[in-house]
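Enquirer: Predicted model and sequence below, questions to follow.
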Amino acid sequence: MSGVYKPIKISDHVYWVGAIDWYIRDFHGYTTKRGSTYNAYLILGDKITLVDAVKAPFKNELLSRITNLVDPREIDYVISNHSEMDHSGCLAELIREIQPEKVFASQMGAKTLREHFSIEEELIPLKDGERLSLGNLNLSFMETRMLHWPDSMFTYLHEDKFLFSQDAFGMHLASGERFDDEVPSAILDYEAATYYANILLPYSPLILKLLDKVAASGLDIRIIAPDHGPVWRKDLGKILDSYKRWAEQNPTNKAVVVFHTMWHSTELMARAIEEGLLAEGACVKVMSMDSFHRSDVAYEVLDAGALIAGSSTLNNNMLPAMADVLTYLKGLKPRNLLGAAFGSYGWSGEAPGQIQEILAGMQVQTVEEPIKSKYVPDGELLQRCSVLGATIAQKLQEELRP
Ligand code: FEO
């Protein structure tokens, strides 16, 4: 195996041996504009241990980085913190090739990996809180169910105060830099929030419990090493605080107006709603599905207090791009939102009602019946839209008052 790809030293005993995917732009519906990394880590202890692997096509990049440190067949233990294929896609082949002494995963992980890959080798399940000795080093494990799959767990390396956190605290960001302090903070903030909004948002109640569990564990954590994006070594408090804020989903003064329009009538309504929101002091983001991707909308909804959605009616339905984004948002389960529906139509006008129904299914508190405009909205109808915006802005302010 050629060693053209180099490992990066992360701590006294840990090297990054992952892969950089500069080109990926779609992660099951989430647009990854800056690519991603699949982070894997090699612990050079008495028992040489690989923590997580990479997506199947990147196996040789992983092996190449490892080869610069040890012969991959010298790896004693493999630990899989998360069974999703971006971290385990090459695992079955890798295990066959390097023949480690033992392979570990959480109890659910051992089951999931077998179901995915028909791995014949023994997979040793680890319990929540279990410890494992690598001879001179010690690991502990913590179950983190649904962060991001039922099988997920954290691994903690006591001697390096090092938390391997798989998807948690990660981001889709391809870069040659491996640490948080080497990447501009605006990029870290944006990509970490986008990742949370598009991947982890549905599990926010569990994430709040997990943050408490980590705090109560008393573990002294100096490095957080996720399976995507940079390793956190400088400002761990910042990402932990962000996770708490995102998971709490407290109301804010921000409204997202998302719409799709055929001949600009629904767009005129959206802009009138925007004006009403602004007049009453709300922070507004207006997003036409012509110009934004569904994952951009998810990013904006993450810290919003209102979601106002509109569509023209086409063949008795909302426009397909609106069905797309609303289906996506519904699955992400944003909470604590006010909302409303609107849209123009020619003769049947079902779309606003359909949108209102979806918003209700998302537990969005709608403030009034959908506003509909037959053909092009006149001044009176646009005024109604503006009043709707103002009403929502006032309600957001009321929610924020102590
Ligand atoms: Fe990065 Fe849930 O996989």
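Expert: Looks like it came in fine.
Enquirer: and stretch 116-126, how far from the chain's centre?
Expert: Going by C-alpha atoms, centre = their mean, to the nearest Å, the spacing between the C-alpha centre of stretch 116-126 and its chain's C-alpha centre is 27 Å.
Enquirer: quick one: buried residues of that stretch?
Expert: In terms of neighbour count (16 or more other C-beta atoms under 10 Å), stretch 116-126 has its buried residues at His116, Phe117, Ile119, Leu123, Leu126. Glycine gets a C-beta too; all of them are placed from N, C-alpha and C.
Enquirer: try stretch 150-167
Expert: Along stretch 150-167, these residues count as buried under the neighbour rule (16+ other C-beta under 10 Å): 150-157, 159-160, 162-167.
Enquirer: Could you do stretch 3-14 as well?
Expert: Residues Tyr5, Pro7, Ile8, Ile10, Ser11, His13, Val14 are the ones in stretch 3-14 that count as buried (16+ other C-beta under 10 Å).
Enquirer: could you point out the longest helix in the chain?
Expert: Ranked by number of residues, the top helix in the chain under DSSP state H is helix 379-400.
Enquirer: Contact residues of the stretch 101-250 of the chain facing the ligand?
Expert: Residues of the stretch 101-250 of the chain lying near the ligand by C-beta under 6 Å from any ligand atom: His148, Trp149, Asp167, Asp227, His228.
Enquirer: Which pair of these spans the longest distance?
Expert: Using C-beta to C-beta, these span at most 14.2 Å, a distance reached by Trp149 and His228.
Enquirer: Can you pick out the residue with more neighbours from the two?
Expert: Set side by side, Trp149 and His228 show more neighbours around His228, with 26 against 18, by other C-beta atoms under 10 Å.
Enquirer: Test my guess that Asp21 contacts Asn39.
Expert: No. Here Asp21 does not reach Asn39: they are 11.1 Å apart, not a contact under C-beta atoms under 8 Å.
Enquirer: Of these two, give the one with the bigger neighbour count.
Expert: The residue with more neighbours, out of Asp21 and Asn39, is Asn39; 27 against 22, by other C-beta under 10 Å.
Enquirer: Contacts only, for that one.
Expert: With contacts defined as C-beta atoms under 8 Å, 6 or more residues apart in numbering, Asn39 is in contact with Trp16, Gly18, Asp52, Gly170, Ala225, Pro226, Asp227, His228, Gly229, Val231.
Enquirer: residue ranges with poor pLDDT in this protein?
Expert: Low-confidence segments of the chain, defined by pLDDT under 70, are located at 1, 402.
Enquirer: how is it carved up into domains?
Expert: For the chain, automatic domain parsing gives the domain ranges 8-248, 254-393.
Enquirer: Quick check, Leu278 in contact with Val284.
Expert: Yes. The pair Leu278 and Val284 qualifies as a contact (C-beta under 8 Å) at a distance of 5.8 Å.
Enquirer: Looking at the two, which has the bigger crowd around it?
Expert: The neighbour count for Leu278 versus Val284, taken as other C-beta under 10 Å, is higher for Val284 (20 against 16).
Enquirer: just to revisit the earlier point, mind listing which of the contacts of Asn39 are in strands?
Expert: Counting by DSSP state E, the members of these that fall within strands are Trp16, Ala225, Pro226.
Enquirer: how about the strands in the stretch 1-150 of the chain?
Expert: Assignment of strands within the stretch 1-150 of the chain using DSSP state E, counting those that start in this stretch yields the ranges 8-9, 14-16, 19-21, 26-27, 30-31, 36-38, 41-44, 48-51, 77-80, 102-106, 124-126, 131-133, 138-143.
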